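> Please work out how this folds:
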Amino acid sequence: MKLYIKYDINEICKKILQEQLDKLKLSYALLGYSEVEIREDISTDKLKELYVGLNNYGIEIVESNKNILVQKIKDAIIEMIYLDDKLPTAKISSHLADKLSHSYGYISNVFAEVTYTSIENFIILHRVELAKKLITINELSFTEIAHKLNYSSLAHFCTQFKNTTGLTPTTFKRIIIKRRENAMNNS
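Sure, this is the predicted structure:
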């Protein structure tokens, strides 16, 4: 029997983080998507134990200023794409510059230096991932998805989807439907 699982990666990470911090009996506050304030002095041993505990789940503690900024950029983009009801209509570059209090040129250069990709590519990948999720849920039309993700047109959405996945949204949807039908027939 196959089970299809839907999950929220942000919620999973938050729960893992809370479990690890609680296990060490630390006083803390979750400040945002990936920021924690430890409200007490933490011994080297406890810090090492936290590193190891989080690392077991593929979660790292970020230390360099550039890596911290890149994580904040990623968090702002993910929040903007996944958590906000609709992407901002203002330029994303202005939105990020305002949110992170740095010029977009600086943000863009640091992001590219650390990740070896552009902010634009990161945004495209996440927009397409959300589009795939929305197509899978099957509650919105392609036009509604394109509008929700702030694409200039349905054609632009379809082109970017195909360039990223190798499939048109229609083909992707057909595959999802076929897989569901096969799963129902095999159960």
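> Please, where are all the strands along this protein?
For the chain, the strands defined by DSSP state E occupy 28-32, 35-38.
> Lys132 contacts Leu167, doesn't it?
No: contact criterion Cβ atoms under 8 Å: Lys132 and Leu167 do not qualify, at 9.6 Å. Yep, even glycine has a C-beta here, placed from its N, CA and C like the rest.
> So which of the two has more stuff around it?
Comparing Lys132 with Leu167 by other Cβ atoms under 10 Å, the one with more neighbours is Lys132, at 19 against 14.
> got a list of what the closest residue in space to the more buried one that isn't next to it in sequence touches?
Excluding the flanking residues, the one nearest Lys132 by Cβ to Cβ, 6 or more residues apart in numbering is Phe172, at 6.7 Å. Contacts for Phe172 were tallied using Cβ atoms under 8 Å, 6 or more residues apart in numbering; they are 132, 135, 161, 165.
> Now for Ile135, how many residues are close by?
20.
> Who's the closest spatial neighbour of it, skipping the chain neighbours?
Lys173 (5.3 Å).
> likewise Lys14?
Spatial nearest neighbour of Lys14, excluding adjacent residues (Cβ to Cβ, 6+ apart): Leu30 at 6.8 Å.
> Quickly list what that neighbour is bridged to.
Judged by DSSP bridges, the bridge partners of Leu30 are Val36.
> How is this structure divided into domains?
Domain segmentation of the chain under automatic domain parsing yields 8-61, 123-186.
> between these, which gets the lowest average pLDDT?
The minimum mean pLDDT among these belongs to domain 8-61 (a mean of 86).
> That domain: end-to-end distance?
The first residue of domain 8-61 is 21 Å away from its last residue (Cα to Cα, to the nearest Å).
> Also stretch 108-128?
End-to-end distance of stretch 108-128: 21 Å, with Cα to Cα as the criterion.
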